[in-house]
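1. with the input below, show me the fold.
(2 chains)
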2 protein chains.
Amino acid sequence: MIAPIRWERHRLLLLDQRLLPVEERMREYTRWRDVADAIRTLVVRGAPAIGCAAAFGVVLAARQSAAPDGYGLVADLEEAMKGLAATRPTAVNLFWALDRMRGVAEAHRALPVPALRERLLGEAQAILDEDLAGNKALGAHGAALVPEGARILTHCNAGALATAGYGTALGVIRTAHEHGRVALVWVDETRPVMQGSRLTAWEMVKEGIPHRLIADVAAGFVMKQGEVDLVIVGADRIAANGDTANKIGTYSVAVLAQHHNIPFYVAAPLSTIDPSIPSGAAIPIEERGGDEVRRIGDRQTAPAETPVYNPAFDVTPAELIAGIITERGVFRFPYSFR
Amino acid sequence: MIAPIRWERHRLLLLDQRLLPVEERMREYTRWRDVADAIRTLVVRGAPAIGCAAAFGVVLAARQSAAPDGYGLVADLEEAMKGLAATRPTAVNLFWALDRMRGVAEAHRALPVPALRERLLGEAQAILDEDLAGNKALGAHGAALVPEGARILTHCNAGALATAGYGTALGVIRTAHEHGRVALVWVDETRPVMQGSRLTAWEMVKEGIPHRLIADVAAGFVMKQGEVDLVIVGADRIAANGDTANKIGTYSVAVLAQHHNIPFYVAAPLSTIDPSIPSGAAIPIEERGGDEVRRIGDRQTAPAETPVYNPAFDVTPAELIAGIITERGVFRFPYSFR
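-> Numbering: from 1, shown residues only, chains lettered A, B, ... in the order given. Here you go, the predicted model:
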């Protein structure tokens, strides 16, 4: 099993996803600020995984605090929660996990510091365990949508690496593969950060799932040749109407799928749904630095003077989504999650 | 002016496009086999440019031949023309240019060797000069389609670097820019070989044309935001019905443009039209090595075990193309080039 986020000997361990697929290195964290940096710099990425990592960041903040009692500790945590929340704007699971941690802290502020720390660790561990269990339930619901001999296209990485260790889109693919239903997974490389080629292909190799990597530009041509039966992607935030923010390029894949009459599914835990946002228009879209596009590693691929537009996410309108697969079952258009 | 292909002092000079945008280096060629290698390894690329380079390759073969008379020379040229034709399968301009050279050689085989060599050099130079003049005529026809303040999206590089020195899609953009009509050029980076970021962005910087580079995956999102008024791309081969082979990803851009009601134009010289092929289904599509996708420069971006599908071109059906811009004017659907 791939376990990208672990708590061991009072430390948070994160698999450094920037080094994959070349190197598998776990990094150790004992300070919440370093966890915030790890989220910001993509050591850990993927909406559910960011939520889990931030929850343990709060646990570390509680260990760092010198407050004499629970009230002081809760006050100290506020700075860490603000700092962790400021790392990345789009994935809602980050704010959802911090809200859960805040709720536990405030509910138990009358406890002595060591007991409150234990409660916080228990909550972070629960977020991680529930994500894993939820992914497996989601995988079972989704696998029922996968026909025998399916050729499935996925974009970015919504796998073990993006979650507590099983995956949303790749969780569905894992379960369907266990049932012998997956003929091939088409892996979009997912520029500019290459989560498809670096992470999803790596997971496919680890699990022995038949797959084929393509440049993002080839997805439409592969669909046109009749080589794709369905598309499954993850999500970073789902509005109340089902509009879904996910990795940049997801929207293009959804339009291409519609053009070719290929069902397009989103797989995500319920924690990805943001009922406070009526539609995708209100989802904040993170814009990242131009050098992600102008350079690859040490290699300059565009003139330094060339301006770049580098949105990290886009929004796919609900009407392009055939179903949203969650741990509680598959929702269908028009979406209502109440 | 950018002059990527020049004949000087009995040598063919090619700008090594693999080194752009970091380095501008001209390479010298005196043997046709080295020109074939240059075409195969993308020192020179772009359908019209490949045709010009191959024509000069035949000139070099004529210089290399030790045949005592024109009949022997023409026999010697056959091997070179076969070798040059075998370099890349999709761009028809390659075969068109070789056919022109063959026609001149056969028509003048009775001439003494030096005179026949002169005729061949004259024909290669004519192919180059006509391409340049044709591009400028094409640019004028195309610029009439560009509205004031246009934001134009282009894919790959159909610029000076892909031609004798002016460009097809970028020729239209150059002319429209001279008329003050271009507000912005959206440049798709064009994975896997990055002709957009490495070559088109470099041409835009050279010419001072306002532009913005995006990862290919962002094109749909940019269109959805209403930031694209028209799309112009080049072509590698156009079937008799208007179906157009061009750089992989062009088809996806055409589908996205249709979805957003954005006109999608192809710009190409008439030499790109292959009347012998009724529809796009019969256009041979080059498949290139997997390491173009698995690696970027020295950097490994996917597991070595991951299988790759790497078609270099795709086919856009004629019905998605609002117009085909040539040196003789703009053709409209349904296409007939007689």
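2. what residues does the stretch 1-150 of chain A put near chain B?
-> Residues of the stretch 1-150 of chain A lying close to chain B (Cβ under 8 Å from any Cβ of the partner chain) are A:21, A:22. Where C-beta positions appear, they are placed from N, C-alpha and C, glycine not excepted.
3. one more time with 10 Å, if that's ok
-> Residues of the stretch 1-150 of chain A found near chain B (Cβ under 10 Å from any Cβ of the partner chain) are A:20, A:21, A:22.
4. and the top helix by length along chain A, what's its mean pLDDT?
-> Counting residues, the longest helix in chain A under DSSP state H turns out to be helix A:113-143. For helix A:113-143, the mean per-residue pLDDT is 98.
5. in it, what counts as buried?
-> Within helix A:113-143, the residues scored as buried using 16 or more other Cβ atoms under 10 Å in any protein chain shown are A:113, A:116-117, A:119-121, A:123-124, A:127-128, A:130-132, A:134-135, A:137-143.
6. about what we covered before: tell me the one of the residues of the stretch 1-150 of chain A next to chain B nearest chain B?
-> The closest of those to chain B turns out to be residue A:21 (Cβ to the nearest Cβ; 4.6 Å).
7. distance of the closest one from residue A:119?
-> 38 Å (Cβ to Cβ, to the nearest Å).
8. quick one: strands adjacent to whatever helix or strand comes next after the longest helix of chain A?
-> Using DSSP states H and E, the helix or strand that follows helix A:113-143 in sequence is strand A:150-154. Using DSSP bridges, the strands paired with strand A:150-154 are strand A:182-188 (parallel), strand A:230-233 (parallel).
9. pull the distance from the first one to the chain's centre.
-> When you say that, I think you mean strand A:182-188. Relative to its parent chain, strand A:182-188 has a centroid offset of 19 Å by Cα atoms, centre = their mean, to the nearest Å.
10. next: the shortest one.
-> The chain centre lies 15 Å from the centre of strand A:230-233; the measure is Cα atoms, centre = their mean.
11. would you map the helices across chain A?
-> According to DSSP H, chain A carries its helices in the segments A:32-40, A:47-64, A:70-85, A:93-107, A:113-143, A:169-178, A:195, A:201-207, A:219-224, A:250-259, A:291-294.
12. sorry, back to before: just the buried residues out of the residues of the stretch 1-150 of chain A next to chain B, in PyMOL syntax.
-> Selection of buried members from those for PyMOL, criterion 16+ other Cβ under 10 Å:
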select buried, chain A and resi 20+21
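13. closest to residue B:248 among the residues of the stretch 1-150 of chain A next to chain B?
-> residue A:21 (23.3 Å; Cβ to Cβ).
14. ok, that closest one touching residue A:196?
-> No. Judged on Cβ atoms under 10 Å, residue A:21 makes no contact with residue A:196 at a distance of 11.2 Å.
15. what is in contact with the two at once?
-> A:202, B:301, B:302 (Cβ atoms under 10 Å, 6 or more residues apart in numbering or on different chains).
16. how near is the residue nearest the centre of chain A to residue A:196?
-> Using Cα atoms, centre = their mean, the residue of chain A that lies closest to the mean C-alpha position is residue A:46, 2.3 Å off. Using Cβ to Cβ, residue A:46 is found at 13 Å from residue A:196.
17. who touches both of those two?
-> A:156, A:157, A:247.
18. grab the nearest non-local neighbour of residue A:257.
-> residue A:264 (4.1 Å; Cβ to Cβ, 6 or more residues apart in numbering or on different chains).
19. mind listing what that neighbour touches?
-> Counting by Cβ under 10 Å, 6+ apart, residue A:264 touches A:153, A:230-233, A:250, A:253-258, A:316, A:320-323.
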